[in-house]
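J.: got a predicted model here, sequence first, then my questions.
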Amino acid sequence: MFQSTSCELTFLLIRTSQSSPTTHTRTMNFRFSSPLVQVIIVGLVCFCCPGMFNALNGLGAGGRIGADVSLVDKANSALYSCFAIIGFFAGSVNNILGFKLTLFFGTIGYVVYAGSLWSYDRNQNDAFVIAAGALLGASAGLLWTAQGCVMMSYPEEKDKGKYVSIFWAIFNLGAVLGSIIPLALNIENKSSGGVSDGTYIAFMIIMMFGILLILLLKPPNKVTRDDGTPVTLVVSTDWRSELKSIVLLLGNWRMVLLIPMFLGSNWFYAYQFGINAIYFDVPTRALNGTMAAQIFGSIAMGWFLDSKFLNRRGRGLAGLAIMGTLFCGVWAGGLAFQLGFERGENLGVGWSDPRFPGPFVLYFSYGMMDAIYQTYCYWLMGALTNDAAALSRYAGFYKGIQSAGGAFSFAIDSVSTPLVIELAISWGLLGLSVPCAFLVARTVTETNYGRESDVPVPGDVEMEVGKAKAEEVQASGSVGKDRSGLAV
């Protein structure tokens, strides 16, 4: 028995020590196919499509606050309702069609929606705007699921927070640029009304360019890390298997506990976009979107979660504590601000107004906390597994629940609910999410490599995985049964 164990131990160490140099000789041939470059391209796609949409929505009622705010609330409610339904199944669609085709179908709705708002400016066609919102919801469910799968499965475990923050920075640069466009085109428009035709045209051109960028993406089996190892193994699947996996996902207690966090992650958009529209004039609304608050928030959280400050579980718990504390401070400030006015006042405050600085800082803080929250959600899901198919389903489940929250919040906003009540609901959901997420974060392990047979182990950590497995074999005094987990 001892001799067999010793041989197995020697085998493990030899295999793991030899694999890294061998794969390292293949590194420089695949630089465009590196995970980072591919995530950057996906970020640029989202820069052009949802980034522009966020800027347009952030203007307040798609720039048409002077017309009918409830119309865009209804369109957004239709959007998020379809998003929730499609998003729930989008992980399976992505696993079967592939993320490149899923991304393509996921971008079409953005152009149509921007066109519907432009058409409404001229024709006041309510039905077109609502229908375009529903189409965008179905489209966005596909895009964000494919994006989430790439962002969480391509990086190594040690880089997942950084990759999320890099993606989020690029994506939100789209919202920044998208806010500069209406700021420049509407600089003299001091009213609380809509934006110019040129604003919509500029948005649509950028969105169409984003669709073309999808052509630059490589298939997952051709994306390799620096040492030449693939980022994922392509496993064929079918609709029956995927539907079964979706049902099983509903029994995953970690995903169930994360529902409050997922539900609240977009709930506050209706309230915050409404505040921007009601309190500020058009140029100032656009200015608020140029401050890159989300970029700062995402980078700070992403780099902290990948730091060496604590072990991985410790960073997850500490990040959750930091996020919860900041949320309480920001929303307490929001409550104090909200008590000073109510819906229907349309104050039209500009940046030269003495009432501008405090609310501007608050709105900046809202954006920063949004990015911190989203970054943490993606990191936590990515810390639970490295399996691309599972992460695709997680992303779809996340976006489905998130969008259901958005649908409810815009529906509530469309019936002129008092703003202080909308604030209380948003804050309450965020508060509930923290203890639920704590129960999940405390289960995070230092690594998942070596535990999932369908996940390639990066060359720079393969030796560590092999040593860990060898130590387990030596400690147990018997040969380990699951060699597939070593990925050698």
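T.: Great, that's in hand. Numbering: from 1, shown residues only.
J.: which pLDDT value goes with the closest residue to residue 250 other than its chain neighbours?
T.: For residue 250, ignoring the flanking residues on the chain, the nearest one in space by Cβ to Cβ, 6 or more residues apart in numbering is residue 256 at 7.5 Å. Where C-beta positions appear, they are placed from N, C-alpha and C, glycine not excepted. On pLDDT, residue 256 comes in at 95.
J.: repeat for residue 463
T.: Per-residue pLDDT puts residue 463 at 63.
J.: before we move on, the earlier item: burial check on the residue nearest to residue 250, number of neighbours?
T.: Residues lying near residue 256 (other Cβ atoms under 10 Å) number 13.
J.: on the three-state scheme, it is what?
T.: Assigned with DSSP: H, G, I helix; E, B strand; the rest coil, residue 256 falls in the helix class.
J.: roughly how far apart are it and residue 437?
T.: 12 Å (Cβ to Cβ, to the nearest Å).
J.: what about this protein, any weak spots by pLDDT?
T.: Applying pLDDT under 70 to the chain flags residues 1-31, 57-69, 178-179, 181-196, 233-236, 346, 460-488.
J.: what residue is smack in the middle of it?
T.: For the chain, residue 374 is the residue whose C-alpha lies nearest the centre (Cα atoms, centre = their mean; 5.7 Å).
J.: what about it, helix or strand, and which?
T.: In the assignment (DSSP states H and E), residue 374 maps to helix 357-384.
J.: buried sites along that helix?
T.: For helix 357-384, burial by neighbour count (16 or more other Cβ atoms under 10 Å) applies to 359-360, 362-384.
J.: just checking, what packs against that helix?
T.: Counting contacts by 3 or more Cβ pairs under 8 Å, 6 or more residues apart in numbering; DSSP states H and E, helix 357-384 is packed against helix 126-153, helix 160-185, helix 268-279, helix 282-288, helix 293-305, helix 312-338, helix 388-414, helix 419-441.
J.: okay, those helices in JSON lines with distance to residue 447 and mean neighbour count next?
T.: Formatted as JSON lines, the helices and strands packed on helix 357-384 follow (distance: least, Cβ to Cβ, whole Å; neighbours: other Cβ atoms under 10 Å):
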{"stretch": "helix 126-153", "distance to residue 447": "15", "mean neighbour count": "25"}
{"stretch": "helix 160-185", "distance to residue 447": "12", "mean neighbour count": "23"}
{"stretch": "helix 268-279", "distance to residue 447": "34", "mean neighbour count": "24"}
{"stretch": "helix 282-288", "distance to residue 447": "41", "mean neighbour count": "25"}
{"stretch": "helix 293-305", "distance to residue 447": "15", "mean neighbour count": "23"}
{"stretch": "helix 312-338", "distance to residue 447": "8", "mean neighbour count": "17"}
{"stretch": "helix 388-414", "distance to residue 447": "16", "mean neighbour count": "25"}
{"stretch": "helix 419-441", "distance to residue 447": "16", "mean neighbour count": "18"}
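J.: the helix holding residue 374 to helix 312-338, inter-axis angle?
T.: Interaxial angle, helix 357-384 versus helix 312-338 (axes from the mean of the first three to the mean of the last three Cα atoms, to 10 degrees): 150 degrees.
J.: can you pull the contacts of the residue nearest to the centre of the chain?
T.: Contact analysis of residue 374 by Cβ atoms under 8 Å, 6 or more residues apart in numbering lists 168, 265, 298.
J.: isn't the first one right up against residue 296?
T.: No - Residue 168 is not in contact with residue 296 according to Cβ atoms under 8 Å; the separation is 10.4 Å.
J.: who touches both of these two?
T.: residue 371.
J.: next, give phi and psi for residue 289.
T.: When read as degrees, to the nearest 10, the backbone of residue 289 gives phi -80, psi -10.
J.: residue 349 too?
T.: When read as degrees, to the nearest 10, the backbone of residue 349 gives phi -70, psi 130.
J.: equivalent analysis for the one 4 residues further on, please.
T.: Residue 353 adopts backbone torsions of phi -80, psi 140, taken as degrees, to the nearest 10.
J.: check the gap between it and residue 367 for me.
T.: From residue 353 to residue 367 the distance is 20 Å (Cβ to Cβ).
J.: go on, residue 101?
T.: In terms of Cβ to Cβ, residue 101 sits 32 Å off from residue 367.
J.: for residue 373, same thing?
T.: The value you get for residue 373 to residue 367, if Cβ to Cβ is used, is 11 Å.
J.: tell me the contacts of residue 217?
T.: 38, 41, 42, 99, 100, 103.
J.: and which of the contacts of residue 374 is nearest residue 341?
T.: Residue 341 lies nearest to residue 265 out of the contacts of residue 374, by Cβ to Cβ, at 26.5 Å.
J.: run a quick neighbour tally on that closest one.
T.: Residue 265, neighbours per other Cβ under 10 Å, totals 25.
J.: show me what contacts it?
T.: 373, 374, 377, 398, 402, 405.
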